[in-house]
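Undergrad: model this:
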Amino acid sequence: MKVLVIEDEARTAEYLQKGLTESGFVVDVAKTGTDGLHFAEEMQYDVILLDVMLPGTDGWSVLKSIRKRGNTPVLFLTARDEVSDRVKGFDLGADDYLVKPFAFAELLARIRRCLRQSIGRDAEHLAIADLDIDVLGRRVFRGGVRVELTAQEFALLHLLARRCGEVLSRPSIASHVWDVNFDTDTNVVDVAIRRLRAKIDDPFETKLIYTVRGMGYVLDPQRGQ
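TA: I've put the predicted structure just below:
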């Protein structure tokens, strides 16, 4: 899942990026309201963390613009702790409001809550054949057996499962999982797929992840039938 952090204080932005990345999120950081709004308009995010006091366009204005184009969950993360500020944030369409300083565990819980409300209860689990993915809990089971994945492996599997039956190119996978554009001769996606298969497919009779020569990869239980 992809998070946009709009935060001008360098240490806070670095702390958020490190913590969220370690928690399995793909993170973009914008240091001005103007840049943040540009990111939000050009790319899709699962949740946006937004400061109020920003250079350029302030957080209130950023949220107004975001709400004109969609319903991406927005969580205000700010030092402004007056009741009037909270009320204004919610009135403008914020999904949550957390005051600095904050506990990172609470921030993660609030992000999960925003995601839960956004994606709906039905999307909290993905079930494909005997594969079960607990999206918010970040747990994976195959045939009832828990499969331990790294954050990167989970992100890769989640992408393939959400797009079940759709062949995804290597550049598409790279941009979603690593948030970068790899050269066509880079084998990092192939290596990641191989490691994921070793955990998801190799111990089981029914295979789920397939290579489509010249195109990319697909998760599709029907291909093995």
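Undergrad: Against which helices or strands is the longest helix along the chain packed?
TA: When the chain is parsed with DSSP state H, its longest helix is helix 104-119. In terms of contacts (3 or more Cβ pairs under 8 Å, 6 or more residues apart in numbering; DSSP states H and E), helix 104-119 is packed against strand 47-50, strand 74-78, strand 96-99. Where you see a C-beta, it was placed from the backbone N, CA and C, and this is true even at glycine.
Undergrad: Show me how the record splits the chain into domains.
TA: 2-119, 124-224 (automatic domain parsing).
Undergrad: on that earlier part again, would you list the helices and strands packed on helix 104-119 in CSV and tack on mean pLDDT, distance to Leu159 and mean neighbour count?
TA: Converted to CSV, the helices and strands packed on helix 104-119 look like this (pLDDT from 0 to 100; distance: least, Cβ to Cβ, whole Å; neighbours: other Cβ atoms under 10 Å):
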stretch, mean pLDDT, distance to Leu159, mean neighbour count
strand 47-50, 94, 17, 27
strand 74-78, 94, 23, 24
strand 96-99, 93, 26, 18
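Undergrad: These: which one's closest to Ile209?
TA: Comparison of those against Ile209 by Cβ to Cβ identifies strand 47-50 as nearest, at 27.6 Å.
Undergrad: Out of the helices and strands packed on helix 104-119, the one nearest Leu219 is which?
TA: Closest among these, using Cβ to Cβ: strand 47-50, at 24.4 Å.
Undergrad: Sheet-wise, list the partners of the closest one with their directions.
TA: Paired neighbours of strand 47-50 in the sheet (DSSP bridges): strand 2-6 (parallel), strand 74-78 (parallel).
Undergrad: For it, C-alpha coordinates in PDB please.
TA: Extracted C-alpha coordinates of strand 47-50, given in PDB (Å, rounded to 0.1, in the frame of the first residue of the first chain):
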ATOM      1  CA  VAL A  47      -3.600   7.200   2.400                       C
ATOM      2  CA  ILE A  48      -2.200  10.700   2.800                       C
ATOM      3  CA  LEU A  49      -0.500  12.100   6.000                       C
ATOM      4  CA  LEU A  50      -0.800  15.800   5.900                       C
END
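Undergrad: Sketch out the low-pLDDT regions of this protein for me.
TA: Counting by pLDDT under 70, the chain shows low-confidence ranges at 119-124, 179-186, 224-225.
Undergrad: all helices of it, in order?
TA: Counting by DSSP H, the helices of the chain are 10-22, 33-42, 59-69, 83-91, 104-119, 151-162, 170-177, 188-200.
Undergrad: closest one to Asp132 among those helices?
TA: Closest among the helices of the chain, using Cβ to Cβ: helix 151-162, at 9.9 Å.
Undergrad: Between helix 170-177 and the closest one, find me the angle.
TA: 120 degrees (axes from the mean of the first three to the mean of the last three Cα atoms, to 10 degrees).
Undergrad: Next, work out how far apart the nearest residue to Arg69 once chain neighbours are set aside and Phe76 are.
TA: Spatial nearest neighbour of Arg69, chain neighbours left out: Glu41 (6.9 Å); criterion: Cβ to Cβ, 6 or more residues apart in numbering. To Phe76, Glu41 is 19 Å away according to Cβ to Cβ, to the nearest Å.
Undergrad: Many thanks, have a good one.
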